[in-house]
Each structure stands twice: as structure tokens, then as C-alpha cells.
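In: Need a 3D model of the sequence below.
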Amino acid sequence: MNQKGGVGKTTTTVNLAAAIAQAGHRTLVIDLDPQAHATLGLGLDGAEGRSIYDLIHDPADAAAAAREVAPNLLALSSHTDLAATETELASAEDRLERIKRVIAAFAGRVDFVLIDCPPSLGLLTLNALAAADEVLIPMQAHFLALQGVGKLLETVKLLASGTQAINPRLTVAGVVLCMHDAASTHTREVVADLDAFFEGTRGSDVPWRNAIVFRPAIRRNIKLAESPSFGKTIFDYAPQASGADDYRALAETFLVDRLPAGAVRSRGDMPIVITRLENADASIPGNAGASA
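Out: A predicted model of the protein is given here:
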């Protein structure tokens, strides 16, 4: 999630999920954005079958609504109707439990669930946060992006701690750097600030105390921008592109600490990410000038 648009949320959801699936792990993508870009990027039509909008209102037999778009890769599609959910559920007492119920239908059926959130902190995103174990934050390494990350971390902390916590187990896994330009001095400074900030929170009582800046960064690559228009992941559209290499490597980094001890990874065509089905305050980047 990231309340800022155009930072690589959908690209990361779709391609990280595809990479995890290629590594042999049954993976589900939930498109929780009314723009339905993850749906399009996976080659699906949100008007066909039951969408996530339908399941939010009636989660019965939710597992049957998932469509298999590739080996080990399932998806629950979105539709523009999803935009009405904010008002339709505004007065419902269980309005923050809807996605949790949908995911519960997949217990024992999938290993990972990745949720593509809309670029806002509204009811849909809060539903995702109430259901998730971890938050991945895709962002560009720009100064203004730090401001958004700070607000996002504040939101996660409100949901994960305190007497009225909605999801006490929620943590921040870290930041995925997208559209990355390592040659830029400004970019390197921002990444250094993020690294220093996360390192400074080790041992503190905040949801991001174990968060990291994931490596490798996802380099700017036109093939990543083109692939959704063909309804394909980067691995089907341009498997030799740098974008495919980066997401393969990111999946390896993501999985290494999230597999059971002793698990054997099936490599398939790739070398070997967000919810797993199991189950003193630090300063926040962006709240004080350019430093994290």
C-alpha cells in the first residue's frame, strides 16, 4: 500500500505474486482497487464472474470465485463497482472485517495472499490492513515520497497498537524501491535516509521495527510499463527484461525469511512479495525535514 498513486503498487503486486508463484508457492492476488489495474494486468475482465465487490457483500464460496491465471497464481478481480463500497458499508458494524472473511475461505488452499490497495487510506485499504500480516510499501526514492511514508506508518501504528487496535499482529515488512535510478545523488541520499531510519528503530515497540529497504531495487524499465496493456506479467511479456530480473530477485529476498524452516523451494525457471495464512516511539520519516 501507499496512499500516493503511480508509485508501483500494482506493478509490484502483480509481478511479485507471479515470481512467488513461479517459485512453487500457491499465491492469490486480491485486486482491491476500483481502477482494477491488477485485474487488467493479469489479463482478466472484472465484469466476468464474481468480483471482489461481490465477495465483500457475500463471501460465501469465495474460493470458487478465484481464477487461475498461471500455474500457482490465482486472482480475485476488481470492478469499478468497488468504488461504491465506501458508502455502502459506511454504517455496517463489520465493515472492516469483509476482506478478512474472504481470505479465510482460502485457508489451506494458498501459501501467500498479496492485496493491491487503492491510493487512499479509505475503507478498502483499512479492510486490507485489518486482514494482513505485513505491509509492503512501494515508493520512488524522492523526498516528497518520504512524507507519504510517514503518514502511512502513522496509520499502521494506529491500527496495530493501543487499546482499540484493529489488527495487533500487523507489521511493516519494508519498502520496495520502484522506478529506481541508482545514478541519481538525490535517490542515493533518500535511500540512505530510509536505511538509517529503519536501522534506528530496531528493538523499539513500533510495527516497523524489523522493516527493511528491500534489495534489489526495481529499476526503471519500459517493459514493466508495457506489460499490463497486453494483460501479462513481466515474466510472460518480457522474461529477459531487467524488470523480470529485478522481480525474480525481489521474490527471492522476500521469501527467504517467510518460508518454514527447512522448506524446499521449487526453482522451476527462476532462481530461488502479502499475507501469510497463519497466523518508546521512534520518529517517522518525512515528519522532520528531509531526514528519515
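In: which residue ranges form the helices in the protein?
Out: Listed in chain order, the helices of the chain (DSSP state H) span 9-22, 37-41, 52-57, 85-88, 98-104, 123-131, 143-160, 185-200, 222-226, 234-237, 242-256.
In: How many neighbouring residues does the closest residue to A47 other than its chain neighbours have?
Out: Excluding its sequence neighbours, the residue lying closest to A47 (Cβ to Cβ, 6 or more residues apart in numbering) is H79, at 6.3 Å. For glycine as for every other residue, the C-beta is placed from the backbone atoms N, C-alpha and C. Counted with other Cβ atoms under 10 Å, the neighbours of H79 add up to 19.
In: nearest residue to G122 other than its sequence neighbours?
Out: E86 (5.5 Å).
In: And that neighbour, how far from A47?
Out: 20 Å (Cβ to Cβ, to the nearest Å).
In: of those two, who's got more company?
Out: Per other Cβ under 10 Å, whichever of E86 and A47 has more neighbours is E86, with 15 against 12.
In: Contact partners for the more buried one?
Out: Neighbour list for E86: G122, L123, L124 [criterion: Cβ atoms under 8 Å, 6 or more residues apart in numbering].
In: isn't L224 right up against T233?
Out: No - counting by Cβ atoms under 8 Å, L224 does not reach T233; the two are 9.8 Å apart.
In: Who has more neighbours out of the two?
Out: Applying other Cβ under 10 Å to L224 and T233 shows that T233 carries more neighbours, namely 30 against 27.
In: Roughly how far does the closest residue to the more buried one other than its chain neighbours sit from A75?
Out: Closest residue to T233 apart from its sequence neighbours, by Cβ to Cβ, 6+ apart: A18 at 4.0 Å. Look at A18 and A75: by Cβ to Cβ, they are 10 Å apart.
In: go on, D54?
Out: D54 is 14 Å from A75, by Cβ to Cβ.
In: for the spatially closest residue to G49 that is not a sequence neighbour, what are its contacts?
Out: Once flanking residues are discounted, G49 sits nearest to A65: 6.2 Å by Cβ to Cβ, 6+ apart. By Cβ under 8 Å, 6+ apart, the residues touching A65 are G49, R50, S51, D54, L55, L76.
In: was I right about the residue nearest to A47 contacting A36?
Out: Yes - counting by Cβ under 8 Å, H79 does reach A36; the two are 6.1 Å apart.
In: Overlap in contacts, those two.
Out: G46.
In: circling back to that earlier point, pick out the most distant pair among the contacts of A65.
Out: G49 and L55 (10.5 Å; Cβ to Cβ).
In: between the two, which one's more packed in?
Out: L55 (22 against 14).
In: Let me know the pLDDT of the more buried one.
Out: Looking at L55, its pLDDT reads 95.
In: same question, the one 10 residues further on
Out: For A65, the pLDDT comes out at 94.
In: Quick check: the gap between it and L89.
Out: Distance, A65 to L89, using Cβ to Cβ: 19 Å.
In: go on, A130?
Out: Distance from A130 to L89, counting by Cβ to Cβ: 13 Å.
In: residues contacting L73?
Out: Applying Cβ under 8 Å, 6+ apart, the residues near L73 are A17, A18, A21, T27, V29, L42.
In: How many residues are close by the residue nearest to it when sequence neighbours are not counted?
Out: Once flanking residues are discounted, L73 sits nearest to A21: 3.9 Å by Cβ to Cβ, 6+ apart. Neighbour count of A21, defined by other Cβ under 10 Å: 27.
In: ok, now which ones touch A21?
Out: Going by Cβ under 8 Å, 6+ apart, A21 touches T27, A70, P71, N72, L73.
In: Please repeat the previous calculation with a cut-off of 10 Å.
Out: The neighbourhood of A21, defined by Cβ atoms under 10 Å, 6 or more residues apart in numbering, consists of 27-29, 68-74, 110-112, 233, 235, 251, 268.
In: List the ones among these that fall in strands.
Out: Among the contacts of A21, the members falling in strands (DSSP state E) are T27, L28, V29, E68, V69, A70, L73, L74, F112.
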